[in-house]
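# no sequence on this one, just coordinates:
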């Protein structure tokens, strides 16, 4: 069986002088290596490097899949919290306007809900393409998982921490509503 070098010589693609210089270079390389060390095979090195790159890429893909799965789990938790704790707005006649994603949105609630929304006792959340009302405690739990799901939650002032509002007995005139 003829070597590749012999085949190239027979085909006329290489000359004898060039072949001799290549053989002598290889012999010199082998002689210069210390005994006991194997010659590094370029092909094996490239294959090892390719395996490492493939393993790294697989690790990155697995990380991305895990992040997506975690995100889906958090969204499912939020949906469940909202569905079990949402307030009924079916009897609401007063419109409550707020800003979400640079657009003014409107939902209908009753007057008591408007008051509680402005005091920070209720919150508006956006889940599955719908706006829902939930209590402040539930909204805080949702914010721990995903802050962007809570659209409106006003901070309570120091005077409004309890239910003993000094102005609770006074009615708000109708002409002050806008």
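Right, received. Where do you want to start? In this text, all values refer to a predicted model and were calculated from it rather than measured experimentally. Numbers count the residues shown, from 1 in each chain.
# can you list contacts of the worst-scoring helix or strand of the chain on mean pLDDT?
When the helices and strands of the chain are scored by mean pLDDT, DSSP states H and E, helix 4-11 comes last with a mean of 76. For helix 4-11, contacts defined as C-beta atoms under 8 Å, 6 or more residues apart in numbering pick out 2, 14-16, 19, 22. C-beta here means a position set from N, CA and C on the backbone, and glycine is covered the same way.
# Most neighbours among those, please name it.
residue 14 (16 neighbours; other C-beta atoms under 10 Å).
# Surely that residue forms part of a strand?
No: read with DSSP: H, G, I helix; E, B strand; the rest coil, residue 14 is coil and lies in no strand.
# Please report the distance of it from residue 42.
20 Å (C-beta to C-beta, to the nearest Å).
# Looking at the protein, which helix is longest?
Criterion DSSP state H: the longest helix present in the chain is helix 42-85.
# chain center to that one: distance?
Relative to its chain's centre, helix 42-85 lies at 11 Å (C-alpha atoms, centre = their mean, to the nearest Å).
# Now it: average pLDDT?
Helix 42-85 shows a mean pLDDT of 90.
# Repeat that for stretch 156-174.
Here the average pLDDT along stretch 156-174 is 61.
# sorry, back to before: after the longest helix of the chain, which helix or strand is next?
strand 94-100 (DSSP states H and E).
# what pairs with that following strand, and is each one parallel or antiparallel?
Applying DSSP bridges to the sheet, strand 94-100 is found paired with strand 103-109 (antiparallel).
# Could you tell me which residues within the partner strand count as buried?
Neighbour-count burial for strand 103-109 flags 107, 109 (criterion: 16 or more other C-beta atoms under 10 Å).
# which outside residues touch that strand?
With C-beta under 8 Å, 6+ apart, strand 103-109 has contacts from 89, 92-99, 117, 124, 131, 133, 151.
# 7 Å - rerun?
Under the criterion C-beta atoms under 7 Å, 6 or more residues apart in numbering, residues 89, 92-98, 124, 131, 133 lie in contact with strand 103-109.
# Filter those residues down to the buried ones, PyMOL style.
Only the buried members of the contacts of strand 103-109 enter the following PyMOL selection, criterion being 16+ other C-beta under 10 Å:
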select buried, resi 92+96+124+131+133
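# Count the residues that sit near residue 152.
Other residues near residue 152 number 22, with proximity taken as other C-beta under 10 Å.
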